[in-house]
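A.B. asks: turn this into a model:
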Amino acid sequence: MAWLRLVRWNNLFIVMLTQLLVWCCVLLPLHAWTDTPFLLGPLHFALVCTSTILIAAAGYIINDYFDIKIDAINRPQKAILDRVIDRRQAIIAHSVLNVLALVLAGAVALSAGKWYWLFVQLFSTVLLFFYSSHFKRLYVIGNVVVALLTALTIFTLFIYEPGLWYFVKQPPMLRKGDAELANPIWVLGIYTGFAFVLTWMREIVKDMEDHIGDAAEGCVTMPIKLGLKRTARFIQLISLGAIIPLVIASVKVQGLLGIYTFFVLTLPLTAWVLLLNRRASTQHYHRMSRYLKVIMVSGIGSLIVYYFQANA
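C.D. replies: Below is the predicted model:
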């Protein structure tokens, strides 16, 4: 149980769910729209997805390894390393998970004759290490790195699925007889951008929650440099990068997906932004972080609505 908490099993489940829904709801239906062969069948997708999960798990381990002192201040009752799991065991697990991830992704890359695809996993592994050891303590950079890595969860499937490349030069809406389908490149682009912006917002809120321990360890996060109120205003500003496209989608997209986008995503996110500055306490920011995660999961869930509406 301690190991599951260390690797944030619930977050890993969200990573798996994201890639699974993208594969099932966006990639698989494309087989009927092109004669281009697809690489990510069930086996290859499982290998790439497992590789992503293992890299994320290793990232959580190394993050806690470098955050032992900070966690002792911010959340002493929840700290696992040095209390339940030995540091040496954690480093070994981190290394093993990364090696396994590279082997699994490498098997898919080599089967396609594209060994350089493996740089996606190598880049993620190295970036996670330097994020944990250095970047997360820097102003803005750490938050952007995590947002980038989250967006890469979706973008990885674009790299490993050559069948998608056919649609890069296609129009926003595809037509085949009486059937119509949104270009998957646009769909994946929208979800990738949504994941980036909301993750960036949530990472800043987590810094607001942890600012006391971060300050004690010499971190220069946004809440420490700008203060809590100015940081909250910055979050409200960048939230427009998600809210404005959602409002447009709510109006432009017809049917159940438009209704879902407005009532399940647009309204809750707008309410979240308005409530963010209501209090300035650790408990408040912790709740706001959790609420934002719920909105993010709801965004992922919209892929199911997209699938049934597109294939009705």
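A.B. asks: retrieve the pLDDT associated with the nearest residue to residue 133 once chain neighbours are set aside.
C.D. replies: Once flanking residues are discounted, residue 133 sits nearest to residue 66: 5.3 Å by C-beta to C-beta, 6 or more residues apart in numbering. Glycine gets a C-beta too; all of them are placed from N, C-alpha and C. With respect to pLDDT, residue 66 scores 88.
A.B. asks: for the most centrally placed residue in the chain, what is the enclosing helix or strand?
C.D. replies: Taking C-alpha atoms, centre = their mean, the centroid of the chain lies closest to residue 150, which sits 2.8 Å from it. Using DSSP states H and E, the element containing residue 150 is helix 141-159.
A.B. asks: which residues are in contact with the helix or strand just after that helix?
C.D. replies: Counting by DSSP H and E, the element after helix 141-159 in chain order, helix or strand, is strand 173-176. Residues from elsewhere that reach strand 173-176, judged by C-beta atoms under 8 Å, 6 or more residues apart in numbering: 32, 33, 167, 180, 181, 182, 183.
A.B. asks: so how far is the helix or strand following strand 173-176 off the chain centroid?
C.D. replies: Next in sequence after strand 173-176, counting helices and strands by DSSP H and E, comes strand 179-182. Mean-position distance between strand 179-182 and its chain equals 27 Å (C-alpha atoms, centre = their mean, to the nearest Å).
A.B. asks: who does strand 179-182 pair up with?
C.D. replies: In the sheet, strand 179-182 lines up against strand 173-176 (antiparallel) (DSSP bridges).
A.B. asks: got the buried residues for the partner strand?
C.D. replies: Within strand 173-176, the residues scored as buried using 16 or more other C-beta atoms under 10 Å are residue 174.
A.B. asks: and for stretch 149-165?
C.D. replies: 149-164.
A.B. asks: cool, stretch 11-19 as well?
C.D. replies: Applying 16+ other C-beta under 10 Å to stretch 11-19 flags 12, 14, 15, 16, 18, 19 as buried.
A.B. asks: restricting to C-alpha, output it in CSV.
C.D. replies: The C-alpha coordinates for stretch 11-19 follow below in CSV (Å, rounded to 0.1, in the frame of the first residue of the first chain):
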residue,chain,number,x,y,z
ASN,A,11,-2.9,9.8,-10.8
LEU,A,12,-1.5,6.8,-12.8
PHE,A,13,-5.0,5.6,-13.3
ILE,A,14,-5.9,9.0,-14.8
VAL,A,15,-2.9,8.8,-17.1
MET,A,16,-4.0,5.3,-18.2
LEU,A,17,-7.6,6.4,-18.7
THR,A,18,-6.6,9.4,-20.8
GLN,A,19,-4.5,7.4,-23.2
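A.B. asks: brilliant, that's me finished.
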